[in-house]
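*Asks:* build me a model from this:
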Amino acid sequence: MDKVVATATEAVADITDGATLAVGGFGLCGNPVALIEAILASGVRDLSVVSNNCGVDDWGLGLLLAAGQIRKMTSSYVGENKEFERRFLTGELEVELTPQGTLAEKLRAGGSGIAAFWTQTGVGTQVAEGGLPRRYDAEGRVAVASPPKETRTFTVRGEPREFVLEEAISTDVALVHALRGDRHGNLVFHRSARNFSPLAAMAGALTIAEVEELVEPGQIDPDAVHLPGVYVHRVVEVGTDSPKRIERRTVRPTEPDQEV
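*Replies:* Residues are numbered from 1 along each chain as shown. Presented below is the predicted three-dimensional model:
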């Protein structure tokens, strides 16, 4: 039951070339930075990564992207990373754009043993009809496009509505960052850093959690557990001084009528 691993390097040591990863985080909030840096140091390549976004050029998953270790990204937001844009448009990176809520549900379904689900999100768009560019060639032409998806009409609240079939996502490995965890793998996330993390953790066949504070079993109130340890296989403590970045710093007036 003791799932603690001494270092991030040891925790990711058996991740191999070509692995699929589900990674928690939203923007730069909740990124498992220590685990990402350990993967960067390991040099594994051809990774297929599922995460809301790919960090920024010099932080989060952007580190792996800049090192050429990511082959494919499945994401819902890609707007803050210039290297991401460059690699996508030059054919160095495959990208599967997925609506944000759909991505969350695909991860949850994968972790719950559900093969696929029907949703109205994307009906009538290229999400359902196909044709979204996934990979360009070196000349900027679409080399790989998304295929059309199955659609079906269901009666909802007495009205026929069209739905698209979305397949679940499950991955070889999941990486998440938590505020607190115990030796059994029960995790607590800090506010918005919870974001995609529980869902990503559920989707991994092997889930690795870095935690700021490691506590003994029983020290986390059962009602406070955000992700039960049944989904977590390895825990590594990274300390409360682990670095955190703000993606887009903004300020607001201290008084309602004060100008910025």
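*Asks:* which residues sit against the worst-scoring helix or strand of the chain on mean pLDDT?
*Replies:* Every helix and strand of the chain was ranked by mean pLDDT, DSSP states H and E. The lowest is helix 82-89, at a mean of 94. Contacts to helix 82-89, defined as Cβ atoms under 8 Å, 6 or more residues apart in numbering, come from residues C54, D57, G62, L65, A66, M73, V78, E92, L93, V95, Y136, G140. To be clear about C-beta, it is placed using only N, CA and C from the backbone, and glycine gets the same treatment.
*Asks:* just stretch 237-256 next, same as before
*Replies:* 4, 8, 27-29, 33-34, 56, 59-60, 80, 177, 210-214, 259-260.
*Asks:* need the buried ones from those selected in ChimeraX.
*Replies:* Entered in ChimeraX, the line below selects the buried ones among these, by 16 or more other Cβ atoms under 10 Å:
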select :4,8,27,28,29,33,34,56,59,60,80,177,210,211,212,214
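*Asks:* can you tell me how far the residue nearest to T207 when sequence neighbours are not counted is from A116?
*Replies:* In space, and not counting its chain neighbours, T207 is closest to A174: 4.3 Å by Cβ to Cβ, 6 or more residues apart in numbering. Shown here: A174 relative to A116, a distance of 20 Å by Cβ to Cβ, to the nearest Å.
*Asks:* which one's more surrounded, those two?
*Replies:* More crowded of A174 and A116, by other Cβ atoms under 10 Å: A174, with 31 against 12.
*Asks:* got the buried residues for the longest helix seen in the chain?
*Replies:* For the chain, the longest helix by residue count, based on DSSP state H, is helix 100-111. For helix 100-111, a neighbour-count test (16+ other Cβ under 10 Å) marks T102, L103, A104, E105, K106, L107, R108, A109, G110, G111 as buried.
*Asks:* buried set for the least confident helix or strand of the chain?
*Replies:* E83, F84, R87, F88.
*Asks:* mind listing what the residue nearest to T207 touches?
*Replies:* A174 makes contact with L21, A22, V23, G24, A200, A201, M202, A203, G204, L206, T207, I208 under the criterion Cβ under 8 Å, 6+ apart.
*Asks:* repeat the analysis, applying 7 Å as the threshold.
*Replies:* A22, A200, A201, A203, G204, T207 (Cβ atoms under 7 Å, 6 or more residues apart in numbering).
*Asks:* so how far is Y136 from the second one?
*Replies:* This points to A200. 27 Å.
*Asks:* more crowded one of these two?
*Replies:* A200 (33 against 20).
*Asks:* those helices in this protein, which residues are they?
*Replies:* 8-11, 33-42, 62-66, 82-89, 100-111, 126-129, 197-203.
*Asks:* how about TSV for those helices, with distance to R248 added?
*Replies:* Compiled in TSV, the helices of the chain are given as follows (distance: least, Cβ to Cβ, whole Å):
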stretch	distance to R248
helix 8-11	27
helix 33-42	18
helix 62-66	14
helix 82-89	14
helix 100-111	17
helix 126-129	27
helix 197-203	20
